[in-house]
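Trainee: sequence first, then the predicted structure, then my questions.
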Protein chains: 2
Amino acid sequence: MKRKITLKHIARELDVSISTVSKALKNSEEIGRDTKDKIQAFAKLYNYRPNNIAISLKNKRTKNIGVIIPDIVHHFFTTVFRGIEHYANARGYNVIVCVSDESFDKEVINMEMLANGSIDGFIMALSAETQLKNDYNHLKEVTEQGIPLVLFDRVTDEIQCDKVIINDEEAAYRAVENLIELGRKKIALVTTENYLNVSAKRAEGYRRALKDNNISFDENLVLQLPYQMEEESMSEAFFKNQKFDALLCVNEIFAVKCMGLARKYNKRVPQDMACIGFTDGILSKYSTPSLTSVDQHGELMGETAAQMLIDKIESDHGENDEEQFETKIISATLIERGSTLSNS
Amino acid sequence: MKRKITLKHIARELDVSISTVSKALKNSEEIGRDTKDKIQAFAKLYNYRPNNIAISLKNKRTKNIGVIIPDIVHHFFTTVFRGIEHYANARGYNVIVCVSDESFDKEVINMEMLANGSIDGFIMALSAETQLKNDYNHLKEVTEQGIPLVLFDRVTDEIQCDKVIINDEEAAYRAVENLIELGRKKIALVTTENYLNVSAKRAEGYRRALKDNNISFDENLVLQLPYQMEEESMSEAFFKNQKFDALLCVNEIFAVKCMGLARKYNKRVPQDMACIGFTDGILSKYSTPSLTSVDQHGELMGETAAQMLIDKIESDHGENDEEQFETKIISATLIERGSTLSNS
């Protein structure tokens, strides 16, 4: 009996990872001959075809857009989503969201499910695990079949598609320059592990700003926290052992937690420790002191992504036209508040 | 030419509201004969059938769950979603989210789209506008066709289905008792307009607690803010004109904004004004002082809703069995922090 199967089914049946199945079907060198044979034979037996509805998609418009975000309890991503919705609704499209939960497998499963004829195109930010694995076959599958895809914020050079990002390196550079202009000498960086491309870019901007201002880079002043894990003890140790008069944090939660630690260790903000975060969500506005923050213009990013996607969906380019892809860069803005301005 | 049409199409073509179309097709007395005739004729001409995939649903399992929430930039709803996801994934289901944006029309459109064979059942919280209009035909359509539905938090007695709520009335009662035990005499309530059933229930608990403690209810001490609108001037006037030594706020954003106003008007928190909010999200934890808050156990609510839905989807009850519906009530917990405890 033949039934419609997905990568997930194959992985489960053969007790291998989804990533292995995906690579094996692409004939990747990374997968051993035996495993590859087994997977390919199984896929053939059950008549597996990647996103086999894609063909019908070209004829049938659903007027739905699929959005995949890494995390739903995250102000930035939900703000981008709001921008996507507003723009898409105005052009008569509905939006469906799936959440990858920072998991590679869930990202793949969600894409497979949505590519199943439910949507006309994808807007997504890569999960942390996808960036860590550096495995983008599931995205290639989608783009190769002509399903329009726009990546935002967490993007990769490995995939040819439209992209919307902010100028992360430049934004971090300008935040650090701002701290230097305020007279700060020992500026620390609180960041995540570097496989997240946005954190890596922000760290670059941090280092370039120090260099351009003749401040030597001190690796002891970089606190790398595991992404999404509570790691109070690492932050505590950092506050106990390191001396700094300013902090740049790659998100507002890190920043607000650090301001809490500053209170605990009797550092006044901003007098003893100035603090700048990324995100500019409700935490930045309502913390005490309020947080100077890099506004990533999530809503604008979402609107821009939706416009690029819908324009592509509705463009009537012939099958053989060379596809043109674009990367739009949104300029971040530093919103100055009480955590750097002592008179506010 | 006949094409597949939806309520939205009919509404647009005939230039009436989606609600009117929905009611007309249900032969509602509220709609005039002429309009009803026109709409019914049009629907017939284009072969409109409500959620016409529902029949196929009974035979084909998608292993997808559709979730409709009123707002994505809202800690409580995203936490519930997380609970739904964790539970559903563990039982092999994927979750698709749509956001109604507090709009009746978007709620209807989203339901129609998802009922289109993409999902096995719905979990949803009603939009503010749906509660205001008090129009639930789109939900009745779904339940009448046997698509399982679980409502959470924002529910209605008009629909027979499984429900998960918290004990809002009781939670507000206990919060007010807590304030009275702390010696507060003039306790104000900051709430939304009353068509939101959860706000209405919390207001009832507030009044009952005052009554049981022989404190007379003073309507001047109730500030009703429009939902989702910036209304600084109303709050400012309230702080200028009213005297109170404690506040109960129906969500944490109202609470944190009020603590900001307290600072502005030189009221110390908690000494001059104790403050309790609902939600217990990141704002409560990281505000200064940290906010005493009613934990609604969103994740547990989500898990419970997902369990009820999947159990219903997988139950093999015969066509003619009497359906049993259940309402599960989750007990809220008061988390005491600095906004009521002066020594913390």
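Mentor: Alright, I've got the coordinates. In this text, all values refer to a predicted model and were calculated from it rather than measured experimentally.

Trainee: contacts and neighbour counts: CA atoms only from here.
Mentor: Fine.

Trainee: can you give me the strands in the stretch 151-300 of chain A?
Mentor: Under the criterion DSSP state E, counting those that start in this stretch, the stretch 151-300 of chain A contains strands at A:162-166, A:187-192, A:222-225, A:246-249, A:274-278, A:292-295.

Trainee: adding mean pLDDT and distance to chain B, write those out as JSON lines.
Mentor: Converted to JSON lines, the strands of the stretch 151-300 of chain A look like this (pLDDT from 0 to 100; distance: least, Cα to the nearest Cα, whole Å):
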{"stretch": "strand A:162-166", "mean pLDDT": "97", "distance to chain B": "21"}
{"stretch": "strand A:187-192", "mean pLDDT": "94", "distance to chain B": "18"}
{"stretch": "strand A:222-225", "mean pLDDT": "93", "distance to chain B": "19"}
{"stretch": "strand A:246-249", "mean pLDDT": "97", "distance to chain B": "16"}
{"stretch": "strand A:274-278", "mean pLDDT": "96", "distance to chain B": "14"}
{"stretch": "strand A:292-295", "mean pLDDT": "96", "distance to chain B": "15"}
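
Trainee: out of those, which comes closest to B:Phe217?
Mentor: Nearest to B:Phe217, of all those, is strand A:292-295, at 41.8 Å by Cα to Cα.

Trainee: would you tell me which one of the strands of the stretch 151-300 of chain A is buried the most?
Mentor: strand A:274-278 (a mean of 29; mean count of other Cα atoms under 10 Å in any protein chain shown).

Trainee: so how far is it from its chain's centroid?
Mentor: Strand A:274-278 sits 20 Å away from the centroid of its parent chain (Cα atoms, centre = their mean, to the nearest Å).

Trainee: quick one: contacts of that strand?
Mentor: Strand A:274-278 is contacted from outside by A:175, A:179, A:245-252, A:254-255, A:259, A:269, A:291-296, A:339-340, using Cα atoms under 8 Å, 6 or more residues apart in numbering or on different chains.

Trainee: quick check: angle from that strand to strand A:187-192?
Mentor: Relative orientation of strand A:274-278 and strand A:187-192, computed by axes from the mean of the first three to the mean of the last three Cα atoms, to 10 degrees: 30 degrees.

Trainee: mind listing the strands strand A:274-278 pairs with, and their directions?
Mentor: strand A:246-249 (parallel), strand A:292-295 (parallel) (DSSP bridges).

Trainee: now those strands in TSV, with distance to A:Glu326?
Mentor: TSV is the format used below for the strands paired with strand A:274-278 (distance: least, Cα to Cα, whole Å):
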stretch	distance to A:Glu326
strand A:246-249	30
strand A:292-295	23
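
Trainee: my read: A:Ser290 touches A:Ser339, true?
Mentor: Yes: contact criterion Cα atoms under 8 Å: A:Ser290 and A:Ser339 qualify, at 6.0 Å.

Trainee: and the two? which has more neighbours close in?
Mentor: Using other Cα atoms under 10 Å in any protein chain shown, the more surrounded residue of A:Ser290 and A:Ser339 is A:Ser339, with 29 against 22.

Trainee: let me know which of the strands paired with strand A:274-278 is the nearest to A:Ser118.
Mentor: Proximity to A:Ser118 (Cα to Cα) singles out strand A:292-295 among these, at 33.4 Å.

Trainee: ok, residues contacting that closest one?
Mentor: Against strand A:292-295 from outside (Cα under 8 Å, 6+ apart): A:171, A:175, A:252, A:275-280, A:284, A:332-340.

Trainee: if we use 6 Å, what do you get?
Mentor: Strand A:292-295 is contacted by residues A:Ile276, A:Gly277, A:Phe278, A:Thr279, A:Asp280, A:Ala332, A:Thr333, A:Leu334, A:Ile335, A:Glu336, A:Arg337, A:Ser339 when judged by Cα atoms under 6 Å, 6 or more residues apart in numbering or on different chains.

Trainee: show me the residues you listed that map onto helices.
Mentor: The helices, defined by DSSP state H, take in nothing from those.

Trainee: A:Glu144: neighbouring residues, count only.
Mentor: Counted with other Cα under 10 Å, the neighbours of A:Glu144 add up to 10.

Trainee: same question, A:Phe239
Mentor: There are 18 residues near A:Phe239, going by other Cα under 10 Å.

Trainee: swap in A:Tyr46?
Mentor: There are 15 residues near A:Tyr46, going by other Cα under 10 Å.

Trainee: do the same with A:Glu181
Mentor: 10.

Trainee: any idea how far chain B is from it?
Mentor: Remark: distance between A:Glu181 and chain B (Cα to the nearest Cα, to the nearest Å) = 28 Å.

Trainee: got it, and A:Pro270?
Mentor: Going from A:Pro270 to chain B by Cα to the nearest Cα gives 15 Å.

Trainee: for that residue, what are its contacts?
Mentor: A:Ser339, A:Thr340, A:Ser342 are the contacts of A:Pro270 under Cα under 6 Å, 6+ apart.

Trainee: which of those residues sits closest to chain B?
Mentor: A:Ser339 (13.5 Å; Cα to the nearest Cα).

Trainee: how about the strands of the stretch 151-300 of chain A, which one is nearest A:Phe238?
Mentor: strand A:222-225 (7.2 Å).

Trainee: any regions of the stretch 151-300 of chain A where pLDDT drops low?
Mentor: A:227-230 (pLDDT under 70).

Trainee: how about the nearest residue to A:Thr333, chain neighbours excluded?
Mentor: Excluding the flanking residues, the one nearest A:Thr333 by Cα to Cα, 6 or more residues apart in numbering or on different chains is A:Asp295, at 5.1 Å.
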